[in-house]
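Trainee: Return atomic coordinates for the entry below.
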Amino acid sequence: MGFAYAQGMIMQLQIAKLKLGRYYIIAPENACSGAINTSDFEEVWQYGSDEVNDSRYDQDGVAPQCKVRGLPDPSRVYIPSGEKKGFLESHYIENYGWVFKRIQKGDRGDVKTRK
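Mentor: As a prediction, the model looks like this:
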């Protein structure tokens, strides 16, 4: 329920008039039941399994993936081939090291260093 928790925190931060930075959403549960306004953030990325092109066996079975409402398709980054995928594997945060190892600086989904 990390995505729902984050959505609630974001709402409170906005009420407090705090500036929002980057939002990295990893394997969100019920992402399509939440919505974001991308203009509230510097950038937003959603990482996870591809519910259209991944076989059912390779998809996240803990939190079946769907796109966060309000997020354009190019802001989604799917688990690359060669990385651990499966009912549990596609959900475990420990299997998302590829975000830092395989995505090069300046590429789609690049996690920027804080200044």
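
Trainee: Just give me the neighbour total for the nearest residue to Arg102 once chain neighbours are set aside.
Mentor: With sequence-adjacent residues excluded and distances taken as C-beta to C-beta, 6 or more residues apart in numbering, Arg102 is closest to Pro80, at 6.1 Å. Placement of C-beta: from N, CA and C, glycine included. If you count neighbours by other C-beta atoms under 10 Å, Pro80 ends up with 11.

Trainee: Distance-wise, check Pro80 relative to Asn95.
Mentor: Here Pro80 is placed at a distance of 11 Å from Asn95 (C-beta to C-beta, to the nearest Å).

Trainee: Where does the prediction get shaky in the protein?
Mentor: For the chain, applying pLDDT under 70 flags the ranges 1.

Trainee: ranges for the strands of it?
Mentor: Per DSSP state E, the chain carries strands over the ranges 22-26, 43-48, 76-78.

Trainee: In this structure, where's the longest helix?
Mentor: Looking across the chain with DSSP state H, the single longest helix is helix 2-15.

Trainee: That one vs strand 22-26, what angle?
Mentor: 160 degrees (axes from the mean of the first three to the mean of the last three C-alpha atoms, to 10 degrees).

Trainee: Convert the C-alpha atoms of helix 2-15 to PDB, please.
Mentor: Output in PDB follows, covering the C-alpha atoms of helix 2-15 (Å, rounded to 0.1, in the frame of the first residue of the first chain):
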ATOM      1  CA  GLY A   2       3.000   2.300  -0.400                       C
ATOM      2  CA  PHE A   3       1.400   4.100  -3.400                       C
ATOM      3  CA  ALA A   4      -1.800   4.900  -1.400                       C
ATOM      4  CA  TYR A   5       0.300   6.000   1.500                       C
ATOM      5  CA  ALA A   6       2.500   8.300  -0.700                       C
ATOM      6  CA  GLN A   7      -0.600   9.800  -2.300                       C
ATOM      7  CA  GLY A   8      -1.900  10.800   1.200                       C
ATOM      8  CA  MET A   9       1.500  12.200   2.200                       C
ATOM      9  CA  ILE A  10       1.600  14.200  -1.100                       C
ATOM     10  CA  MET A  11      -1.800  15.700  -0.400                       C
ATOM     11  CA  GLN A  12      -0.700  16.800   3.100                       C
ATOM     12  CA  LEU A  13       2.600  18.300   1.700                       C
ATOM     13  CA  GLN A  14       0.500  20.200  -0.900                       C
ATOM     14  CA  ILE A  15      -1.800  21.500   1.900                       C
END
